[in-house]
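*Asks:* when you get a sec, could you give me coordinates for this:
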Amino acid sequence: MSHPHIVIIGSGFAALTAVRELRKRDRAVRITLVAPRAELMYYPSLIWVPAGLRRGADLAIDVSDFLSRHDVAFHAGRVTGLADGGRSVLTDTGTLTSDALLIASGGRFLKGLPGIEHALTICEGAAAAESIRERLATMDGGTLAFGFGTNPKEQGAMRGGPMFELLFGIDTLLKKQGRREHFKLVFFHASQEPGKRLGSKAVTGLLREMQKRNITTQLGHKPTAFEADRVKTEGGEIPADLILFMPGMTGPAWAKDAGLPLSDGGFFQADTYCRVTGSDRIYVAGDSGSYPGPDWLPKQAHIADLQARAAAENLLRALRGEPPVARFKAELICIVDTLDRGIMVYRNERRALLLPPCRLMHWAKRFFEWQYLRTFRKA
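*Replies:* Coordinates of the predicted model:
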């Protein structure tokens with residue numbers, strides 16, 4: 001008797017958490033993971049690369065041994081679409097057929113603003129983080145402009161936390177180097193309340209931290225374009241010698257060819273069980289999906305892990321012909337690191353909390369990195 005076959009698209013947080021959860025519950029089910037490389041990029045620590053606390057290469061983790069230990073087949077390829085109602089996964093290296101599918105391929109950044117090539121986006125990966133480090137090292141002074149955007153059709157599709165970390169971390173770095181007085185740091189955002197999804201206390205705390213650090217803000221004006229030496233906004237121009245910007249997010253490029261329901265913002269539309277709406281045995285976890293409320297639901301690794309756990313349980317139930325029961329917890333946990341301290345931000349459906357900067361939170365973030373990655377490093 002052949003055991004059911006599950007295909008997982010992606011090799012990030014949601015995909016690898018799903019592997020662990022599936023294997024905890026079922027040792028016999030066949031699992032194939034498809035991604036360009038058997039590699040986890042540990043994005044949360046990219047913010048330490050510009051300061052030299054980490055190298056980009058340190059954060060690209062080979063997970064082939066992890067997959068082998070969990071009896072998971074690996075298919076190297078880029079997904080181009082789906083067929084047969086999701087039972088076939090089309091890739092540039094062949095077609096995979098499955099009895100159930102988990103989409104955990106992450107999202108992508110919207111690159112529609114004119115001149116976006118003049119901005120560096122740290123969460124694009126190690127190369128971008130290393131480029132920021134190299135650019136800073138060659139500068140004697142000037143203006144550094146920091147900002148992030150969103151998806152106009154899905155306001156929650158943003159990743160602002162790393163930009164606050166980059167802003168405060170570079171300020172700390174320049175002070176440690178004795179160079180801060182030669183630089184002007186400017187933070188720009190379309191909203192008067194940047195980081196509002198973190199909660200009102202977080203917005204107040206983050207803006208207070210900027211004021212303490214003598215960081216200029218330009219808020220409430222939508223960016224319209226970038227040039228090599230400036231940011232253009234609806235409220236005027238910001239001269240800049242280096243632009244660091246995180247665009248809003250949308251779903252994977254192949255989503256439009258998947259034949260599945262998409263949200264207005266281009267993500268796979270999911271229900272409270274992480275099941276793709278109207279589909280048969282197709283689930284989504286992480287940045288690829290659009291989920292029912294709350295409107296502050298983050299695009300971050302923690303929530304991707306929570307969604308993957310729920311999706312894995314429900315997917316196995318679906319293979320047994322049982323209805324889904326597991327829901328993920330709507331929860332935001334974020335340590336906004338400043339290179340030597342950390343600002344703890346927490347939010348759930350009942351409360352929002354912000355703790356002032358302290359050294360303990362910086363070391364907590366470093367400990368969590370070690371604890372998380374040891375699961376995937378070679379035995």
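
*Asks:* any idea which helix is longest in the protein?
*Replies:* Using DSSP state H to define each element, the chain has its longest helix at helix 301-319.

*Asks:* ok, then the element right after that helix?
*Replies:* strand 332-337 (DSSP states H and E).

*Asks:* buried stuff in that next one?
*Replies:* For strand 332-337, burial by neighbour count (16 or more other CB atoms under 10 Å) applies to 332-337. For glycine as for every other residue, the C-beta is placed from the backbone atoms N, C-alpha and C.

*Asks:* how about the strands in the stretch 151-300 of the chain?
*Replies:* 183-189, 216-219, 223-227, 230-233, 236-239, 242-246, 249-250, 268-269, 282-284, 289-290 (DSSP state E, counting those that start in this stretch).

*Asks:* which of those strands sits most buried?
*Replies:* Among the strands of the stretch 151-300 of the chain, strand 282-284 has the highest mean neighbour count (mean count of other CB atoms under 10 Å), at a mean of 29.

*Asks:* tell me how many other residues surround residue 126.
*Replies:* Residue 126 has 20 neighbouring residues, counting by other CB atoms under 10 Å.

*Asks:* for residue 111, same thing?
*Replies:* 11.

*Asks:* work out for me the element residue 357 sits within.
*Replies:* Residue 357 belongs to strand 352-358, assigned by DSSP H and E.

*Asks:* I'd like the average pLDDT over that strand.
*Replies:* Regarding strand 352-358, the rounded mean pLDDT is 91.

*Asks:* please apply the same query to stretch 115-123.
*Replies:* The model assigns stretch 115-123 a mean pLDDT of 96.

*Asks:* can you give me the helices in the chain?
*Replies:* Going by DSSP H, the chain shows helices at 13-25, 64-69, 126-138, 161-176, 200-212, 301-319, 359-373.

*Asks:* domains for this structure, by residue range?
*Replies:* What automatic domain parsing lists as the domains of the chain is 5-108+251-319, 111-249.

*Asks:* can you tell me which of those domains is most buried?
*Replies:* By mean count of other CB under 10 Å, the domains of the chain have domain 5-108+251-319 as the most buried, with a mean of 20.

*Asks:* list the contacts for the closest residue to residue 160 other than its chain neighbours?
*Replies:* Residue nearest to residue 160 in three dimensions, not counting chain neighbours: residue 148, with 4.7 Å by CB to CB, 6 or more residues apart in numbering. Contact analysis of residue 148 by CB atoms under 8 Å, 6 or more residues apart in numbering lists 158-160, 163, 189, 194, 245-248.

*Asks:* quick one on the thing from earlier: return the member of the helices of the chain having the minimum mean pLDDT.
*Replies:* Among the helices of the chain, helix 200-212 scores lowest, at a mean of 92.

*Asks:* send the alpha carbons of it over as PDB?
*Replies:* Written as PDB, here are the backbone C-alpha positions of helix 200-212 (Å, rounded to 0.1, in the frame of the first residue of the first chain):
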ATOM      1  CA  SER A 200      -0.200  52.400  19.800                       C
ATOM      2  CA  LYS A 201       2.300  52.000  22.600                       C
ATOM      3  CA  ALA A 202       4.900  50.700  20.200                       C
ATOM      4  CA  VAL A 203       4.400  53.600  17.900                       C
ATOM      5  CA  THR A 204       4.900  56.100  20.700                       C
ATOM      6  CA  GLY A 205       7.900  54.200  22.000                       C
ATOM      7  CA  LEU A 206       9.600  53.900  18.600                       C
ATOM      8  CA  LEU A 207       9.100  57.600  17.800                       C
ATOM      9  CA  ARG A 208      10.400  58.500  21.200                       C
ATOM     10  CA  GLU A 209      13.500  56.400  20.600                       C
ATOM     11  CA  MET A 210      14.100  58.200  17.300                       C
ATOM     12  CA  GLN A 211      13.800  61.600  19.100                       C
ATOM     13  CA  LYS A 212      16.300  60.500  21.700                       C
END
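
*Asks:* okay, the angle between that helix and strand 332-337?
*Replies:* Inter-element angle recorded for helix 200-212 and strand 332-337: 10 degrees (by axes from the mean of the first three to the mean of the last three CA atoms, to 10 degrees).

*Asks:* which helices and strands sit right next to helix 200-212?
*Replies:* helix 161-176, strand 342-347, strand 352-358 (3 or more CB pairs under 8 Å, 6 or more residues apart in numbering; DSSP states H and E).

*Asks:* make a markdown table from these and add distance to residue 377 to it.
*Replies:* As requested, the helices and strands packed on helix 200-212 are exported to a markdown table (distance: least, CB to CB, whole Å):
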| stretch | distance to residue 377 |
| --- | --- |
| helix 161-176 | 23 |
| strand 342-347 | 24 |
| strand 352-358 | 29 |
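
*Asks:* closest one to residue 141 among the ones you listed?
*Replies:* helix 161-176 (9.7 Å; CB to CB).

*Asks:* what residues does that closest one touch?
*Replies:* By CB under 8 Å, 6+ apart, helix 161-176 touches 43-44, 46-48, 50-51, 122-123, 132, 136, 144, 146-148, 180, 183, 185, 187, 195, 198, 206, 209-210, 213, 215, 244-246, 298, 300, 334, 336-340.

*Asks:* for the strand holding residue 357, packing partners?
*Replies:* For strand 352-358, the packing partners by 3+ CB pairs under 8 Å, 6+ apart are helix 200-212, strand 342-347.

*Asks:* between the ones you listed, which one is nearest to residue 21?
*Replies:* strand 342-347 (23.6 Å).

*Asks:* quick one, that closest one and strand 352-358 angle?
*Replies:* If you take the same axes, to 10 degrees, strand 342-347 sits at 180 degrees to strand 352-358.

*Asks:* neighbouring strands - and their directions - for strand 342-347?
*Replies:* strand 332-337 (antiparallel), strand 352-358 (antiparallel) (DSSP bridges).
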